[in-house]
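Student: Build me a model from this:
(2 chains)
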Number of protein chains: 2
Amino acid sequence: MAEIIDGNAVASSVHRELKEELAGISAARRPCVAFIRVGEDPASVSYVRKKERVAAEIGIESRLHVLPENTQQNELNALIDSLNADGGVDAILVQAPLPKQLSERDTFNRVRADKDVDGFSNANLGLLCQEDPRAFVACTPAGIVELIRRSGVNTSGRRAVVVGRSLIVGKPMALLLMKKGMDATVTVCHSKSEKLAEICAQADILIAAVGRPQTISADMVKEGACVIDVGINRVPSSSTKSGYKLVGDVDFENVAPKCSKITPVPGGVGPMTVAMLMKNTLAAYKRHMGI
Amino acid sequence: MAEIIDGNAVASSVHRELKEELAGISAARRPCVAFIRVGEDPASVSYVRKKERVAAEIGIESRLHVLPENTQQNELNALIDSLNADGGVDAILVQAPLPKQLSERDTFNRVRADKDVDGFSNANLGLLCQEDPRAFVACTPAGIVELIRRSGVNTSGRRAVVVGRSLIVGKPMALLLMKKGMDATVTVCHSKSEKLAEICAQADILIAAVGRPQTISADMVKEGACVIDVGINRVPSSSTKSGYKLVGDVDFENVAPKCSKITPVPGGVGPMTVAMLMKNTLAAYKRHMGI
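Tutor: Next up is the predicted model:
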């Protein structure tokens, strides 16, 4: 049976480290992150609340801006511009997904690079391609790297397969895994990929970011692989009060017995996304304060 | 025996298309590209001369700025800044490699995104990650896509293996091949990759960008694959007047008989790099002129 990678425990360690680091800094003001939420999507409400809670715990100030569902691009841009110009704001996070009249790409690119702690702007994605240590790296892939590192998984020269080519996970994940120091041989698969099962079965490190439950079955996993499950899917369940439960993209029950390490859902990658957001916010603050 | 993909012929077609397009545009001024060369590296001298010649042939004005070998970063930056601000300049190309006192990354990032026809700035690399059609894409990978397309090679769902993870070729190549419309399953290998031969042998499309002669041998190539050779290596030769000859990264003689299509060196990818530079310059011009 695989070792379960405990994302909550690793995230707690990161929070503790950040809190200690921050406590050691005496400066005129505390770090500050601004959250922008457009509309009342329940998952977004819950994600932002979680981020506010963790920020407070670490000692990071947060401000929440809620805009109505029918917000237009120029209105959202105006808010971003004012936060870009605000010397008291270190970090800006626009919670995705956005209502469909808004362009996620234009929104992400509007955030000033040195406040773009989500790492989705073209400026930061490009710095990641350039392996520039100043890049803010997208929080989910950055969190996965932390999990892999702290679990003692060796990536150098090994096969990593990323299933999913999104801007939020797949692409930055691939760029991170192939960069110097990580040195994995990286394959990116997606909805059009032929022989998906065969390719996944070659992975020493398999990262599932598909967004569809049970996509990765046991026959797609090599004996002894490390499996990272990025999926957060709601499926109906008669055993919970809410009528649904959260599952990943991996058939956990059948995959766990044959792999060496695996992340659960929930409690795997999810908490690390929040931890990396805080890490990026602290880094932005230090840069702004010249620390 | 494989079909030889004639890069010179495809590049000539592109030049002709661009020349015709430009002839159809009546505007106050012609497109203009500024070349910056630092020092007298013979290969750089020859590359820039080739680019000037092709620009003239198409009807693109070019200006050459030559700086001494010992140029400092602030001096190079000042020249780039003045070209960024010059309304008569559509495109700026800083010929790599640069002398070692200069940072290629900082130099590339200094060029204004809408004049960065080389596509190496973080702004354009990020737009490529975002699959933004406004991205200027690095010329060598963009040229390879043209060669693949015009040769009728199907990429959707197929295995593409890129050997090399450089900023100039490997990474943008991988991003291009995985994007929507190309839809290849992409693997990036590099100097640290284990089982390189085995992975290469799975490729339907194999792209060698290693910079070492004879790296790709016949046993590393699948029967019927399409092989693209990006390498340009000088090796000693008793049969040429200069005492050297140019060879690629692929053992052409032994690989050609088993693959379906292959690019030669010289006359394969090389000419396409220049053609794509001209294509990007024309695109920058049209954007600046509001055409």
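
Student: how close does the closest residue in space to A:Pro266 that isn't next to it in sequence sit to A:Ile228?
Tutor: Distance criterion C-beta to C-beta, 6 or more residues apart in numbering or on different chains; nearest residue to A:Pro266, sequence neighbours excluded, is A:Leu246 at 5.2 Å. Heads up, the C-betas are built off the backbone N, CA and C, glycines and all. Relative to A:Ile228, A:Leu246 is positioned 16 Å away (C-beta to C-beta, to the nearest Å).

Student: more neighbours, these two?
Tutor: A:Ile228 (30 against 17; other C-beta atoms under 10 Å in any protein chain shown).

Student: Which element, helix or strand, includes that one?
Tutor: Assigned by DSSP states H and E, A:Ile228 falls within strand A:226-229.

Student: And A:Asn124, by the same measure?
Tutor: With DSSP H and E as criterion, A:Asn124 is part of helix A:122-129.

Student: With A:Lys245 instead?
Tutor: Assigned by DSSP H and E, A:Lys245 falls in strand A:244-247.

Student: which parts of the stretch 51-200 of chain A sit against chain B?
Tutor: A:105, A:109, A:121-127, A:129-130, A:132, A:156-159, A:165, A:167, A:171-172, A:174-175, A:178-179, A:183, A:185-190, A:192-195, A:199 (C-beta under 8 Å from any C-beta of the partner chain).

Student: In contact with A:Pro213, which residues are there?
Tutor: A:231, A:233, A:235, A:247-249 (C-beta atoms under 8 Å, 6 or more residues apart in numbering or on different chains).

Student: let's see 6 Å
Tutor: Contacts were defined as C-beta atoms under 6 Å, 6 or more residues apart in numbering or on different chains; by that measure A:Pro213 touches A:233, A:235, A:247.

Student: Kindly provide the distance from the closest residue to it other than its chain neighbours to A:Tyr244.
Tutor: Computed as C-beta to C-beta, 6+ apart, the closest residue to A:Pro213 that is not its neighbour in sequence is A:Asn233, at 4.3 Å. Distance, A:Asn233 to A:Tyr244, using C-beta to C-beta: 10 Å.

Student: Give me the more crowded residue out of the two.
Tutor: A:Asn233 (17 against 13).

Student: SS state for A:Gly270?
Tutor: Here A:Gly270 is recorded as helix under DSSP: H, G, I helix; E, B strand; the rest coil.

Student: Return the distance of it relative to A:Gly248.
Tutor: 10 Å.

Student: Measure how buried A:Arg63 is and give me the count.
Tutor: Neighbours around A:Arg63, by other C-beta under 10 Å: 16.

Student: And for A:Arg134?
Tutor: By the criterion of other C-beta under 10 Å, A:Arg134 has 12 neighbours.

Student: which stretches of the stretch 1-150 of chain A form helices?
Tutor: Using DSSP state H, counting those that start in this stretch, the helices of the stretch 1-150 of chain A run over A:7-23, A:42-58, A:73-85, A:104-110, A:122-129, A:139-150.

Student: strand partners of the strand holding A:Lys245, parallel vs antiparallel please.
Tutor: Strand A:244-247 pairs in its sheet with strand A:233-236 (antiparallel), by DSSP bridges.

Student: quick one on the thing from earlier: which of A:Gly270 and A:Gly248 has more neighbours?
Tutor: Taking other C-beta under 10 Å, A:Gly270 and A:Gly248 do not tie; A:Gly248 has more neighbours (30 against 24).

Student: Please tell me the pLDDT value assigned to A:Ser242.
Tutor: On pLDDT, A:Ser242 comes in at 89.

Student: And the strands in the stretch 151-291 of chain A, which stretches?
Tutor: Using DSSP state E, counting those that start in this stretch, the strands of the stretch 151-291 of chain A run over A:159-163, A:185-189, A:205-208, A:226-229, A:233-236, A:244-247, A:261-262.

Student: Kindly reformat the ones you listed as CSV containing distance to B:Ser46.
Tutor: Output for the strands of the stretch 151-291 of chain A, formatted as CSV (distance: least, C-beta to C-beta, whole Å):
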stretch, distance to B:Ser46
strand A:159-163, 39
strand A:185-189, 35
strand A:205-208, 43
strand A:226-229, 47
strand A:233-236, 56
strand A:244-247, 59
strand A:261-262, 52
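
Student: Can you say which of those is nearest to B:Gln72?
Tutor: strand A:185-189 (37.1 Å; C-beta to C-beta).

Student: Show residues contacting that closest one.
Tutor: A:159-163, A:165, A:174, A:177-178, A:196, A:199, B:178, B:185-189, B:193.

Student: Specify the angle between that strand and strand B:159-163 in degrees.
Tutor: 150 degrees (axes from the mean of the first three to the mean of the last three C-alpha atoms, to 10 degrees).

Student: any low-confidence regions in the stretch 1-150 of chain A?
Tutor: Nowhere does the stretch 1-150 of chain A drop to pLDDT under 70.

Student: From what I see, A:Leu177 and A:Asp183 are in contact.
Tutor: No - with contacts counted by C-beta atoms under 6 Å, A:Leu177 stays clear of A:Asp183, the gap being 8.5 Å.

Student: Look at those two and report which has more neighbours.
Tutor: It is A:Leu177, of A:Leu177 and A:Asp183, that has more neighbours when counted by other C-beta under 10 Å, with 26 against 19.

Student: Would you quantify the distance from the more buried one to A:Gly143?
Tutor: Distance from A:Leu177 to A:Gly143, by C-beta to C-beta: 13 Å.

Student: still on that earlier bit, can you select the buried ones from the residues of the stretch 51-200 of chain A next to chain B in PyMOL?
Tutor: Applying 16 or more other C-beta atoms under 10 Å in any protein chain shown to these, the buried members can be selected in PyMOL as follows:
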select buried, chain A and resi 105+109+121+122+123+124+125+126+127+129+130+157+158+159+165+167+171+172+174+175+178+179+183+185+186+187+188+189+190+192+193+199
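
Student: right, and the strands of the stretch 151-291 of chain A - which one's nearest B:Ala27?
Tutor: strand A:185-189 (41.4 Å).

Student: Work out the sheet partners of the closest one and label each with its direction, please.
Tutor: Going by DSSP bridges, the partners of strand A:185-189 are strand A:159-163 (parallel), strand B:185-189 (antiparallel).

Student: mind checking how far the last one is from the chain centre?
Tutor: In terms of C-alpha atoms, centre = their mean, to the nearest Å, the centre of strand B:185-189 is found 19 Å from the chain centre.

Student: what's the model's confidence in it, averaged?
Tutor: Mean predicted confidence for strand B:185-189 is 98.

Student: same deal with stretch A:275-291?
Tutor: 97.

Student: Identify all contacting residues around that stretch.
Tutor: A:11, A:14, A:18, A:27, A:31, A:33, A:58, A:60, A:90-91, A:117, A:136, A:139, A:142-143.

Student: buried ones in it?
Tutor: A:275-286, A:288.

Student: Restricting to C-alpha, output that stretch in PDB.
Tutor: The C-alpha trace of stretch A:275-291 is given here as PDB (Å, rounded to 0.1, in the frame of the first residue of the first chain):
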ATOM      1  CA  ALA A 275       0.200  27.600   1.200                       C
ATOM      2  CA  MET A 276       2.000  28.600  -2.000                       C
ATOM      3  CA  LEU A 277      -0.200  31.600  -2.400                       C
ATOM      4  CA  MET A 278       0.900  32.700   1.100                       C
ATOM      5  CA  LYS A 279       4.500  32.000   0.200                       C
ATOM      6  CA  ASN A 280       4.300  34.100  -2.900                       C
ATOM      7  CA  THR A 281       2.600  36.900  -1.000                       C
ATOM      8  CA  LEU A 282       5.400  37.000   1.500                       C
ATOM      9  CA  ALA A 283       7.900  37.000  -1.300                       C
ATOM     10  CA  ALA A 284       6.100  40.000  -3.000                       C
ATOM     11  CA  TYR A 285       6.100  41.800   0.300                       C
ATOM     12  CA  LYS A 286       9.800  41.300   0.900                       C
ATOM     13  CA  ARG A 287      10.500  42.500  -2.600                       C
ATOM     14  CA  HIS A 288       8.400  45.600  -2.100                       C
ATOM     15  CA  MET A 289       9.900  46.300   1.300                       C
ATOM     16  CA  GLY A 290      13.400  45.800   0.000                       C
ATOM     17  CA  ILE A 291      14.000  43.000   2.500                       C
END
